[in-house]
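In: Give me a model of this one.
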Amino acid sequence: MSQAGYEEEQTNPLQVQVIELAKSPMGMIRRRWLWMLLALVGVSAASVWIWTQVEPTYRATSTVLVSSQQIPESFIRSTVRGLDSLSNVNALIGEVLSQKNLSNLLERHNLYPDLAEKVPRNDLVWYLRANISIDQQRNVNTRQPSESTAIFVISYEGDSPEAAAAVANDLASILIAANLEKRSAQARRTTEFLRGELNRAAAQVAEASREITEFNQAHRGELPGDLSPLLQKLERLQAERQNVNEQMSSAEDRLMQFETAGTTTSSAEEQLLQMRLQLDNEMAIHTDEHPNVIALQRRIERMQGTVQARPQQDDQGFSPHSFQIASTRRELENLRKRLTIIGSQITEIDTRVDRIPRRTEELSILQQKTAVLQETHLEFMRKVKDAELAETLESAQQGPQVTLLDRAWPPSGPVQSPLLILLPGLLAAFVLSLLIGLALEILDPVVLSAAHFEAVGTAPVVGSVYELH
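Out: As a prediction, this is how the structure comes out:
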């Protein structure tokens, strides 16, 4: 064979070696058994040790149902926000997974006793929280999508089946109790708030009523209801003043008659003539029923009587009309005083009548304020009544509720079988031992056949002998 042909037939030594190892893998095991055995035993021992150290984990699951209000809101409207929104449910779940509740679970069930003295309580609570899951399932109430109904699955993974079931059930109980307590407390706080507002509104109504009472007392006689009596009284006083004026005119006439009783007859006749002329002038201007006309007629009649019958002196020289003059003067003085009193009363009534429009406006403002406050008070009364009904609704557990659907039972087996940890370790040991043997064959090659010798050599093989046993 020529040198060129030999170079054409020459192949890659590594490829030839791999082919030869594939033809006879037992040869590699005979040559590298020690290293392969060490790798197999070491990794297998590590897998067995890990398998013995890992404790089985058990998962228990309880199911709760979040339902809407049992009584329609058209009859009783709840004052507590429902559980139909994700934020409300998350807030309730957050309260369940609070540090206080989880710490109570750690103490009640003696969870993680090996870590209790080594790990801080906050870390234990965090570890417990990591082993708890609360997931929402798809709403099974597909026929009535308006119903706010949801199912939540509460799961806990622990070292003991009994402990896992107990913790899952306790978590469900805490969720139910937290919902009841939260809703009852919120309904109670709402009722207390509305009662406080009702008391405040009642105090405002009482204060407004007191202001109206004080206003009526302070402005008595100037209120809208006093207008009609004041006008009637004013009319009576004006009529009385006119009557007093007439009486004064009559008294003045009598006084004048008495004072002129001693004059001559011609003088009295002249006065009578003047009064008749004055009467003619008044009748030309006014009617017969006018007060001036009537007064002049009376004076004329009295003057005529005076002229016809003059008084005579008694034995002592006193005339009877001197006493009549004094009496008439006293009568005129009393009439003038009465006229002054009537004038002051009329002035006072006029002042009150003038103030009535302003008092009416002020009273109207107070009454409008009181009406608004009374309406607010009635509104709060209705709200308090509704809040009390809503609180009764929550006490009867007829509002949106969280109920236990399925209790958690101790699981029959762990979440993950220990064999799933051991078998991958053994398989990894076997694969690693094969890889070590193959690596040693590549790094420290051995001539396995004539083809392998030709691949690694510089000359062709002339001949070969059989393997000696």
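
In: Tell me where the chain has strands.
Out: Assigned by DSSP state E, the chain shows strands spanning 58-67, 132-137, 150-158, 401-406.

In: which residues in the stretch 101-250 of the chain form helices?
Out: With helices called from DSSP state H, counting those that start in this stretch, the stretch 101-250 of the chain shows them at 113-116, 121-130, 161-218, 227-259.

In: These: lowest mean pLDDT?
Out: Note on the helices of the stretch 101-250 of the chain: helix 113-116 shows the lowest mean pLDDT, a mean of 78.

In: hang on, the earlier thing: would a markdown table of the strands of the chain with distance to Lys369 and mean pLDDT be doable?
Out: Where you see a C-beta, it was placed from the backbone N, CA and C, and this is true even at glycine. Below are these laid out as a markdown table (distance: least, Cβ to Cβ, whole Å; pLDDT from 0 to 100):
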| stretch | distance to Lys369 | mean pLDDT |
| --- | --- | --- |
| strand 58-67 | 47 | 83 |
| strand 132-137 | 53 | 84 |
| strand 150-158 | 50 | 86 |
| strand 401-406 | 45 | 76 |
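
In: Ok, which of those strands comes nearest Glu235?
Out: Comparison of the strands of the chain against Glu235 by Cβ to Cβ identifies strand 401-406 as nearest, at 76.3 Å.

In: Enumerate the beta-bridge partners assigned to Phe152.
Out: In this entry, Phe152 is beta-bridged to Val64, Gln136, by DSSP bridges.

In: got the contact list for it?
Out: By Cβ atoms under 8 Å, 6 or more residues apart in numbering, Phe152 lies in contact with Thr63, Val64, Leu65, Val66, Val89, Ile134, Asp135, Gln136, Gln137, Leu175.

In: What about Gln136, how many residues nearby?
Out: Using other Cβ atoms under 10 Å as the criterion, Gln136 is surrounded by 13 other residues.

In: Then Gly437?
Out: Per other Cβ under 10 Å, the neighbour tally for Gly437 reads 21.

In: Repeat that for Thr347.
Out: A count of nearby residues for Thr347, using other Cβ under 10 Å, gives 10.

In: Please dump the strands of the chain into CSV; it should also carry distance to Arg358 for every row.
Out: Compiled in CSV, the strands of the chain are given as follows (distance: least, Cβ to Cβ, whole Å):
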stretch, distance to Arg358
strand 58-67, 64
strand 132-137, 69
strand 150-158, 66
strand 401-406, 62
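
In: if I look at Leu373, how far off is Leu366?
Out: Here Leu373 is placed at a distance of 11 Å from Leu366 (Cβ to Cβ, to the nearest Å).

In: which neighbours do those two share?
Out: Contacts common to Leu373 and Leu366, judged by Cβ under 8 Å, 6+ apart, are Ala208.

In: thinking again about what came up before, can you say which of the contacts of Phe152 are buried?
Out: Buried members of these, counted by 16 or more other Cβ atoms under 10 Å: Thr63, Val64, Val66, Val89, Ile134, Leu175.

In: Farthest pair within these?
Out: Spanning the widest gap among the buried ones among the contacts of Phe152 are Thr63 and Val89, at 14.8 Å by Cβ to Cβ.

In: that older thread, now the contacts of Phe152 as CSV including distance to Arg189?
Out: What follows is those, written out as CSV (distance: Cβ to Cβ, whole Å):
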residue, distance to Arg189
Thr63, 31
Val64, 25
Leu65, 26
Val66, 22
Val89, 20
Ile134, 26
Asp135, 31
Gln136, 28
Gln137, 32
Leu175, 21
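
In: Relative to Pro161, which of the residues you listed is nearest.
Out: Within the contacts of Phe152, distances to Pro161 taken as Cβ to Cβ reach their minimum at Thr63, with 17.8 Å.

In: Contacts only, for that closest one.
Out: Neighbour list for Thr63: Ile151, Phe152, Val153, Ile154, Ala172, Leu404, Leu405, Asp406 [criterion: Cβ under 8 Å, 6+ apart].

In: Distance check, Trp35 against Leu128.
Out: 46 Å.

In: Look at those two and report which has more neighbours.
Out: Legend: neighbour count by other Cβ under 10 Å for Trp35 and Leu128, higher for Leu128 (21 against 14).

In: Measure how buried the closest residue to the more buried one other than its chain neighbours is and give me the count.
Out: Counting by Cβ to Cβ, 6 or more residues apart in numbering, Leu102 is the residue found nearest to Leu128 once chain neighbours are left out, at 5.2 Å. By the other Cβ under 10 Å criterion, the neighbourhood of Leu102 contains 22 residues.

In: And Pro410, by the same measure?
Out: Neighbour number of Pro410 under other Cβ under 10 Å is 14.

In: per-domain residue ranges of the chain.
Out: Domain ranges of the chain: 3-54+418-431+444-456, 61-199+398-406, 224-311+320-380, per automatic domain parsing.

In: Now the contacts of Thr63 in JSON lines, please, with extra columns for distance to Lys182.
Out: Listed next are the contacts of Thr63 as JSON lines, based on distance: Cβ to Cβ, whole Å:
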{"residue": "Ile151", "distance to Lys182": "20"}
{"residue": "Phe152", "distance to Lys182": "16"}
{"residue": "Val153", "distance to Lys182": "21"}
{"residue": "Ile154", "distance to Lys182": "17"}
{"residue": "Ala172", "distance to Lys182": "16"}
{"residue": "Leu404", "distance to Lys182": "17"}
{"residue": "Leu405", "distance to Lys182": "20"}
{"residue": "Asp406", "distance to Lys182": "23"}
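
In: Which one's more surrounded, Leu373 and Leu366?
Out: Legend: neighbour count by other Cβ under 10 Å for Leu373 and Leu366, higher for Leu373 (19 against 16).

In: And the pLDDT for that one?
Out: If you check Leu373, the pLDDT there is 92.

In: residue contacts, it?
Out: Applying Cβ under 8 Å, 6+ apart, we find Leu373 in contact with Ala201, Gln204, Val205, Ala208.

In: ok, now with 10 Å
Out: Neighbouring residues of Leu373 by Cβ atoms under 10 Å, 6 or more residues apart in numbering: Ala201, Ala202, Ala203, Gln204, Val205, Ala206, Glu207, Ala208, Ser209.

In: From Ala239, how far out is it?
Out: Between Leu373 and Ala239 the distance is 45 Å, computed by Cβ to Cβ.

In: re the thing from before, write the PyMOL selection for whichever of the contacts of Thr63 are buried.
Out: Per 16+ other Cβ under 10 Å, the buried members of these correspond to this PyMOL selection:
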select buried, resi 151+152+153+154+172+404
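
In: Now flag whichever of the contacts of Thr63 is closest to Leu223.
Out: The closest of the contacts of Thr63 to Leu223 turns out to be Phe152 (Cβ to Cβ; 68.3 Å).

In: Could you tell me how many residues sit around His377?
Out: His377: 19 surrounding residues under other Cβ under 10 Å.

In: and it, what is it in contact with?
Out: His377 is in contact with Glu197, Leu198, Asn199, Arg200, Ala201, Ala202, Ala203, Gln204, Val205, Ala206, counting by Cβ under 10 Å, 6+ apart.
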